[in-house]
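Undergrad: 3D, please:
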Amino acid sequence: MSLLPAIVRESNPQKAADAAVIWLHGLGADGNDFAGLVPELHLPPDLSVRFIFPHAPSIPVTINQGYVMPAWYDIVELDVQRRVDETQLRASAAAVHDFVAQQMAAGIDSRRIVLAGFSQGGAVVLEAGLSCPHPLAGLLSLSSYFPTADSVRIDDANRSLAIRICHGSADPVVNEALGKHSVSVLQRFGYQPQYSSYPMQHSVCLEEIRDISAWLQAVLARA
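TA: Have a look, this model is predicted:
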């Protein structure tokens, strides 16, 4: 199994990790984009979490005139539905599954693994989380959308997956309507996603970080 390069951060380096968060960045960024967020989550010392921030491969992106940049998949059109290369998106989801398998091999129960992603990364983890053959602790999608909503193959292992969707009310890149649409789709699938909106653009804010910390602690406490 060949894994993508990634940055790894331990929430408590003095204690062996017994949980993991695999966190995907957005278009044009890399794993450094969210690696610095770990201490800002202020997780309690008795919760030892390994954070993994993979780097997306660099590929040509159609909407950016074919410019080569880090991307989890090509975006073909910036229309309402955001037409994307689903084959590439699924390949990225498979790469996430590889990280899940790696952490399981390292002794972490899959039910203590959370998938998280921002923008493009959020779209990938929606696909990866629902289709993962191992039961996960939770799925976190930030400022994102669900381009494979009509084609995702949900694995029975994650039919009751805890899902949190967060979005900015003034997002000019991924309109909040797309985040709310993801919630509606997930509800039709039988999930009960938590949704939070924040007065921000295509970014993260302090209130959101606090909410993410509380949510992570809650889903890992249940695992």
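
Undergrad: residues contacting L161?
TA: G129, L130, P135, L136, G138, L139, Y191 (Cβ atoms under 8 Å, 6 or more residues apart in numbering). (Glycine included, C-beta is placed from N, CA and C.)

Undergrad: Now V173: closest residue in space, sequence neighbours ignored.
TA: H202 (4.0 Å; Cβ to Cβ, 6 or more residues apart in numbering).

Undergrad: secondary structure element for the one you found?
TA: Assigned by DSSP states H and E, H202 falls within no helix or strand.

Undergrad: So for stretch 64-73, first residue to last residue, what's the gap.
TA: For stretch 64-73, the first-to-last residue distance is 13 Å (Cα to Cα, to the nearest Å).

Undergrad: If we go by neighbour counts, what in it is buried?
TA: P70, A71, W72, Y73 (16 or more other Cβ atoms under 10 Å).

Undergrad: thinking again about what came up before, can you pick the most crowded of the contacts of L161?
TA: G129 (30 neighbours; other Cβ atoms under 10 Å).

Undergrad: what secondary structure does that residue sit in?
TA: Under DSSP: H, G, I helix; E, B strand; the rest coil, the three-state class of G129 is helix.

Undergrad: Repeat that for the one 5 residues further on.
TA: The assignment at H134 comes out as coil when based on three-state DSSP.

Undergrad: Please look at it and M104 and confirm they touch.
TA: Yes: in this structure, H134 is within contact of M104 by Cβ atoms under 8 Å, at 6.8 Å.
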